[in-house]
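In: no sequence on this one, just coordinates:
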Ligand code: GLU
């Protein structure tokens, strides 16, 4: 008996299109304003993009607009250190637990007993960047991070200089996190190098299309379906997806997994990626965010598409996207 459920390309395309049309005028949320550059991005931008395991991309809206990757870059650096150090070492040096607190919480570090918790919150991400090789060599590390994010996204993701300057001038809180972690021996390089590289990686400019390719690369076990290159070993993709499933939507991750059922990671620039292993990678982008830092429209778009197609990572169903008629 063939237990695969088939969704046609057409159904997926319609779901994306309908989500776009029904949400494009939604005015919920506000641009992040603690980073001045983000406050000035056009709030009406909105795009949805899905990348399939065959490399095909289905999109609606502003999918070629370049915006700040922000915290979605944390997934890339997490995968980079998972690839280079392995899961056990990452668990030991950073951890993989949700904090249940805001992404830049200092209290979470204190409560976790000096542990950065997970590479997907600021503390863990700064710690992760400090582990990127070659340790101690800022320029070499930046090359490693930048080229790795490009590998995941299938093409270059240029730095948005204006965003980088804006973040560098306003990242006082992250600076305290870096130095606090240093005092707990959780920075494996120089705190100022780690802070600067973290700020830089958050300032890379990506499009929704590129992020859907990154998400699809994770969904395909490390194989980039567009460039046809193996970007990381298969066993690390389950680790990356588990990190997203536990903390990817900040302190709302439990609610998100319960109600939408797709491991995701958001960034305060307005992007969200979602990974359905073996099925597809999705990305949505709209700058206005809610209080936790998640894009309002991007959340609604992904949710609507998941519901419309009756998809859920916990369903136990095998789903394939095919051409032709659905069964
Ligand atoms: N660069 C931002 C910060 O560190 C990223 C936050 C986010 O996207 O969650 O505050």
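Out: Received, thanks. Only a predicted model underlies this, so the values are computations on that prediction, with no experimental measurement involved.

In: Near the residue nearest to residue 292 when sequence neighbours are not counted, how many residues? Count them for me, please.
Out: The shortest distance from residue 292 to any non-neighbouring residue, by Cβ to Cβ, 6 or more residues apart in numbering, is to residue 250 (4.3 Å). For the C-beta atoms, the positions are set from N, CA and C on the backbone; glycine is no exception. Counted with other Cβ atoms under 10 Å, the neighbours of residue 250 add up to 27.

In: Check what pLDDT residue 250 gets.
Out: pLDDT, residue 250: 91.

In: Surely residue 213 and residue 153 touch.
Out: Yes: using Cβ atoms under 8 Å, residue 213 is in contact with residue 153, at 5.5 Å.

In: what residues are shared contacts of those two?
Out: Here residue 213 and residue 153 share no contacting residue, scored by Cβ atoms under 8 Å, 6 or more residues apart in numbering.

In: ends of stretch 244-264, how far apart?
Out: End-to-end distance for stretch 244-264: 5 Å, by Cα to Cα, to the nearest Å.

In: what about it and the ligand, touching?
Out: No: taking Cβ under 6 Å from any ligand atom as the criterion, stretch 244-264 and the ligand are apart, separated by no less than 7.0 Å.

In: Which residue is the nearest non-sequential neighbour of residue 56?
Out: residue 9 (7.7 Å).

In: And that neighbour, how far from residue 307?
Out: According to Cβ to Cβ, to the nearest Å, residue 9 and residue 307 sit 19 Å apart.

In: Equivalent analysis for residue 83, please.
Out: According to Cβ to Cβ, residue 83 and residue 307 sit 34 Å apart.

In: Kindly report the same for residue 18.
Out: Distance from residue 18 to residue 307, by Cβ to Cβ: 11 Å.

In: how about residue 270, what does it touch?
Out: 31, 41, 45, 67, 285, 286, 287, 288, 289, 295, 298.

In: Now tabulate those in TSV and tack on pLDDT and distance to residue 200.
Out: As requested, the contacts of residue 270 are exported to TSV (pLDDT from 0 to 100; distance: Cβ to Cβ, whole Å):
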residue	pLDDT	distance to residue 200
31	97	21
41	97	19
45	98	23
67	98	16
285	98	20
286	98	24
287	98	21
288	98	25
289	98	21
295	98	22
298	98	23
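
In: mind listing what the residue nearest to residue 292 touches?
Out: Contacts of residue 250 (Cβ under 8 Å, 6+ apart): 102, 103, 266, 292, 293, 294.

In: Can you tell me which of these is nearest residue 196?
Out: residue 103 (18.7 Å; Cβ to Cβ).

In: Is that closest one in a helix, a strand, or coil?
Out: Following DSSP: H, G, I helix; E, B strand; the rest coil, the label given to residue 103 is coil.

In: Report the contact partners of the nearest residue to it once chain neighbours are set aside.
Out: Setting aside the residues directly before and after it, residue 103 is nearest to residue 121 in space (Cβ to Cβ, 6+ apart), at 4.9 Å. By Cβ under 8 Å, 6+ apart, residue 121 lies in contact with 74, 99, 103, 104, 105, 108, 247.

In: what about the residue nearest to the last one when sequence neighbours are not counted, which SS state?
Out: In this structure, residue 247 finds its nearest non-sequential neighbour in residue 98, 4.3 Å apart by Cβ to Cβ, 6+ apart. In terms of secondary structure, residue 98 is coil; the call rests on three-state DSSP.

In: Counting by contacts, list what the host helix or strand of residue 306 packs against.
Out: For residue 306, the host element (DSSP states H and E) is helix 296-308. The contact analysis (3 or more Cβ pairs under 8 Å, 6 or more residues apart in numbering; DSSP states H and E) places helix 296-308 against helix 9-23, strand 47-51, strand 264-266, strand 271-276, strand 280-285.

In: Indicate which one of those is closest to residue 238.
Out: In terms of Cβ to Cβ, the element of these nearest to residue 238 is strand 271-276, at 10.6 Å.

In: Can you list the strands that that closest one pairs with?
Out: strand 264-266 (antiparallel), strand 280-285 (antiparallel) (DSSP bridges).
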